[in-house]
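Enquirer: Here is my input; please provide its structure:
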Amino acid sequence: MTQNANRIQRETSDPWWVRATIVSISISFVALMLVMPLGVIFFEAFRKGVSVYLKAFQDRNAIRAIFMTCLAAGIAVPLNLVFGIAASWAIAKFHFRGKGLLIALIDLPFAISPVISGLVYILVFGMQGWLGKWLEGYGIQVIFAVPGIVLATIFVTFPFVARELIPLMQEQGSEEEWAAVSLGANGWQTFWRVTLPNIKWGVLYGVLLCNARAMGEFGAVSVVSSNIRGGTNTLPLHIDALYNDYNSVAAFAMASILASLGVITLIGKTLLERKLEQDSNSSLESTTTEGIS
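Expert: You can find the predicted model right below:
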């Protein structure tokens, strides 16, 4: 038996030079396209010393850009979290008309350029748009103001939580929820004590990706913000403005924040993927044990 297994392994395994070539190409591509640019960002940011690096964060426009980025992400991420949980729960647990349409609409931001979404918001909420005059009558400004930035950020980020939770909840099924209901639990008790503990790592994973996307969004926000320095500029827009002014050290200093966020996101993503895999294996082992018993 062991000899047959060894023979099959030898016949199906690729030669060493094939494996070495594939691994070398993969590592070289990652180093060239990801690791080297990341290293350049931090090198250029600290090229003139730590004092110059820290001075870039003392600029009023930089502080305002960081605040606007945190504000947009701080509003968009919780709203997308609520929507993602509700949408994934509805899609995974219930059968209703229009489910396929809902799934397609969730994927819409992946198919549409962020710039196009920004133009759509201008068409709807701009001064010459469908609702612009009506909103102006109530003193509400959406485009070229904070509400427009938040709306654009919500649009480009709302698929992340839902898209992470839908397959996870579909794989888990509804047996545990039905068991809780049969024991007298109401809807909220079922959600808090059964559903949420089963999807908590998926929720964190989706929130992590959603936040990283929200803080790094450029295209849609650029269209609806008008790039007002010290006003509506977010961190990516402020970096672009600094680089266009040939202030490369300050631009790379600001970029190091987003780069650090990307590294943290990558580490968190890896840890959460391991946790999800461990939970999945534990669930599979318990199911197998119960089946054998």
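
Enquirer: Lowest-scoring secondary structure element of this protein by mean pLDDT?
Expert: helix 2-12 (a mean of 52; mean pLDDT, DSSP states H and E).

Enquirer: Please state the offset of the strand or helix carrying Ala86 from the chain centre?
Expert: Ala86 is located in helix 60-93, with elements delineated by DSSP states H and E. Centre-to-centre, helix 60-93 and its host chain are 10 Å apart (C-alpha atoms, centre = their mean, to the nearest Å).

Enquirer: Check which helices and strands it sits against.
Expert: Judged by 3 or more C-beta pairs under 8 Å, 6 or more residues apart in numbering; DSSP states H and E, helix 60-93 is in contact with helix 99-106, helix 146-157, helix 159-172, helix 196-216, helix 235-244, helix 248-292. For every residue, glycine as well, the C-beta is placed using N, CA and C.

Enquirer: how far off helix 159-172 does the first one point, in degrees?
Expert: Comparing the axes of helix 99-106 and helix 159-172 via axes from the mean of the first three to the mean of the last three C-alpha atoms, to 10 degrees yields an angle of 140 degrees.

Enquirer: and Gln58, how many neighbours does it have?
Expert: 8 (other C-beta atoms under 10 Å).

Enquirer: Also Ala212?
Expert: 22.

Enquirer: Check the one 10 residues further on too.
Expert: Ser222: 21 surrounding residues under other C-beta under 10 Å.

Enquirer: likewise Leu102?
Expert: 14.

Enquirer: Ile166 versus that one, what's the distance?
Expert: As judged by C-beta to C-beta, to the nearest Å, Leu102 and Ile166 stand 10 Å apart.

Enquirer: Spit out the residues that contact the two alike.
Expert: 87, 91 (C-beta atoms under 8 Å, 6 or more residues apart in numbering).

Enquirer: Redo the helices and strands packed on helix 60-93 as JSON lines? Include mean pLDDT.
Expert: Output for the helices and strands packed on helix 60-93, formatted as JSON lines (pLDDT from 0 to 100):
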{"stretch": "helix 99-106", "mean pLDDT": "89"}
{"stretch": "helix 146-157", "mean pLDDT": "94"}
{"stretch": "helix 159-172", "mean pLDDT": "89"}
{"stretch": "helix 196-216", "mean pLDDT": "88"}
{"stretch": "helix 235-244", "mean pLDDT": "92"}
{"stretch": "helix 248-292", "mean pLDDT": "76"}
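
Enquirer: most packed of those?
Expert: helix 146-157 (a mean of 23; mean count of other C-beta atoms under 10 Å).
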